[in-house]
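1. Here's a sequence, model it:
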Amino acid sequence: LNNEDFADSVEVTDADVESFYQQNQDMFRTEEQLSVAYVELSLADIEQSVDIAEEEVREYYEQRQQQYTTEEERRVSHTLVEHDTENAQQKAEDALQELENGADFAEVAESYSDDTFSAEQGGDLDWIERGVMDEDFDNAAFALENVGDTSGVVETSFGYHIIKLTDLRAGSVTPFEDVKDEVEQRLLAQQAEDRYFELQQQLAEISFEQPDTLEPAADELGVEVKRTDLFTRDRAPTPLSDDVVLNNIFSEQLIEEKLNSEIIETTDDRSLVVRVTEHQPERVKDMAEVREQIVEQLRVEKAQQLALQQAQEQAEEWRAGAEPGEQVTLVDSIQRNNRDYSSTLVQELFKLTPNADGKPTYEAVTLPNGDAAIVALTSVTAGNPDEAQMDGLKEQLQNRKAQVMLQSFIDTLKADADIRRMRLQ
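-> Now for the predicted structure:
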């Protein structure tokens with residue numbers, strides 16, 4: 001039964017409308033809305049406008065050439081005689097004499113050095129850069145000119161060293177052409193950031209000095225004042241949808257004063273100054289505003305009720321013995337998972353209990369679209385479950401039961417325990 005066929009029979013009174021309005025106030029509640037004017041600065045936009053000459057890029061590179069320099073590295077070995085060793089200086093001199101007489105450095109280090117770890121490696125200290133070691137050690141190590149050269153006895157805060165240069169990696173400067181793009185990007189980012197903060201400061205000053213308008217600030221910065229229609233907090237325009245911006249816009253102070261805000265900085269490198277231009281607080285719409293909406297909804301609901309009522313009356317007549325008309329659709333067999341008919345009809349059909357006398361069982365139902373229908377159960381064929389499926393279902397149920405019992409056990413332990421959660425440092 002099509003519910004629209006009953007629409008002309010429906011009467012909606014003023015009392016119906018008033019009652020529905022009073023009982024459903026939340027349906028007609030509007031969210032807080034406001035509109036704003038704002039000026040926006042974007043670091044990304046400024047980067048697009050920055051123009052850099054190649055001479056500037058080269059000058060930037062030359063001023064910071066140290067950043068593109070690989071330091072010289074030296075691999076050295078040493079023999080160390082610590083200060084607290086008896087006759088330390090003389091022992092170091094003896095070691096040096098053996099080296100001068102042609103002894104192998106690794107063997108001398110193993111025999112004389114108090115640095116037992118490096119001594120086991122022939123005195124090797126691996127690669128070092130200038131400034132890593134003790135200053136006196138550093139000076140002596142980097143004074144050696146050729147691989148294989150050995151120093152004299154060098155005193156440091158640790159004791160007396162003899163140092164041998166075993167390998168050398170010369171320092172180098174990366175050519176300008178190899179890093180030109182990287183340098184240009186760094187310079188662009190720096191200039192854009194400098195310009196961004198300069199404009200940000202101007203925007204803050206002018207918008208503060210003339211708090212009831214954004215036009216002077218926009219003119220000075222060469223940008224436009226953007227304006228929005230009314231919007232709610234949940235449906236803010238994309239440029240204003242950042243939480244930091246929304247918290248400022250919907251603040252009591254900006255709403256009441258309707259003056260320029262302070263600079264609002266977002267997480268995506270934008271700065272804004274906003275001013276609320278209109279504000280509509282949350283409210284319940286007047287009944288006059290929603291009367292037509294209520295009338296239409298009540299008309300639909302009453303039409304659906306009339307359709308269901310007639311379906312119930314028709315079902316009662318069929319139970320009393322009246323013959324169904326031609327509008328009846330016969331279905332030979334239908335299963336619970338059927339997708340050809342409304343799920344509401346199928347669910348209702350499987351709820352019905354067959355009559356003991358074999359007569360059809362009738363029931364009136366409302367369909368999801370508001371129409372009404374009568375479903376009749378004429379016979380039931382018992383299912384024949386597959387044994388493998390039954391075993392699978394039993395296993396699922398057992399697993400589920402075990403999970404529930406385990407969770408219940410865990411919950412009981414938690415309830416009875418004193419639990420302290422410690423934060424790992």
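2. what ranges do the strands span in the stretch 201-350 of the chain?
-> 226-227, 264-265, 270-280, 283-284 (DSSP state E, counting those that start in this stretch).
3. Serialize those to JSON lines and add fields for mean pLDDT and mean neighbour count.
-> Backbone N, C-alpha and C define where each C-beta goes, glycine included. As requested, those are exported to JSON lines (pLDDT from 0 to 100; neighbours: other C-beta atoms under 10 Å):
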{"stretch": "strand 226-227", "mean pLDDT": "97", "mean neighbour count": "14"}
{"stretch": "strand 264-265", "mean pLDDT": "96", "mean neighbour count": "18"}
{"stretch": "strand 270-280", "mean pLDDT": "96", "mean neighbour count": "19"}
{"stretch": "strand 283-284", "mean pLDDT": "91", "mean neighbour count": "12"}
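4. Now stretch 387-395 - C-alpha only, CSV.
-> Coordinates of each C-alpha in stretch 387-395 appear next as CSV, following Å, rounded to 0.1, in the frame of the first residue of the first chain:
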residue,chain,number,x,y,z
GLU,A,387,27.4,-31.2,9.3
ALA,A,388,30.6,-29.4,8.5
GLN,A,389,29.0,-26.0,8.9
MET,A,390,27.5,-27.1,12.3
ASP,A,391,30.9,-28.2,13.5
GLY,A,392,32.4,-24.8,12.4
LEU,A,393,29.6,-22.9,14.2
LYS,A,394,30.1,-25.0,17.3
GLU,A,395,33.9,-24.2,17.2
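5. where in this protein is pLDDT low?
-> 326, 419-425 (pLDDT under 70).
6. For the stretch 251-400 of the chain, just list every one of the helices.
-> Listed in chain order, the helices of the stretch 251-400 of the chain (DSSP state H, counting those that start in this stretch) span residues 252-257, 287-319, 343-351, 387-416.
7. what packs against the third one?
-> What that stands for is helix 343-351. strand 361-366, strand 372-377 (3 or more C-beta pairs under 8 Å, 6 or more residues apart in numbering; DSSP states H and E).
8. what are the ranges of the helices in the stretch 51-200 of the chain?
-> Going by DSSP H, counting those that start in this stretch, the stretch 51-200 of the chain shows helices at 54-63, 88-100, 105-112, 116-119, 135-141, 176-209.
9. Put together CSV for the ones you listed, with mean neighbour count on each row.
-> Shown next, in CSV, are the helices of the stretch 51-200 of the chain (neighbours: other C-beta atoms under 10 Å):
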stretch, mean neighbour count
helix 54-63, 14
helix 88-100, 17
helix 105-112, 19
helix 116-119, 14
helix 135-141, 18
helix 176-209, 15
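10. among those, which is nearest Glu4?
-> Taking C-beta to C-beta, helix 176-209 is the member of the helices of the stretch 51-200 of the chain nearest to Glu4, at 58.1 Å.
11. Report the angle between that closest one and helix 54-63.
-> Compare the direction of helix 176-209 with that of helix 54-63 by axes from the mean of the first three to the mean of the last three C-alpha atoms, to 10 degrees and you get 100 degrees.
12. Now for Ala217, how many residues are close by?
-> By the measure other C-beta atoms under 10 Å, the count of residues near Ala217 is 23.
13. That one is in contact with Ile206, isn't it?
-> Yes - assessed by C-beta atoms under 8 Å, Ala217 is found in contact with Ile206 at 4.0 Å.
14. sorry, back to before: would you convert the strands of the stretch 201-350 of the chain into JSON lines that also reports distance to Lys414?
-> JSON lines is the format used below for these (distance: least, C-beta to C-beta, whole Å):
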{"stretch": "strand 226-227", "distance to Lys414": "54"}
{"stretch": "strand 264-265", "distance to Lys414": "44"}
{"stretch": "strand 270-280", "distance to Lys414": "47"}
{"stretch": "strand 283-284", "distance to Lys414": "45"}
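15. Those strands: which one's closest to Thr381?
-> strand 283-284 (55.5 Å).
16. Which strands and helices lie in contact with that closest one?
-> Using 3+ C-beta pairs under 8 Å, 6+ apart: strand 283-284 touches strand 29-30.
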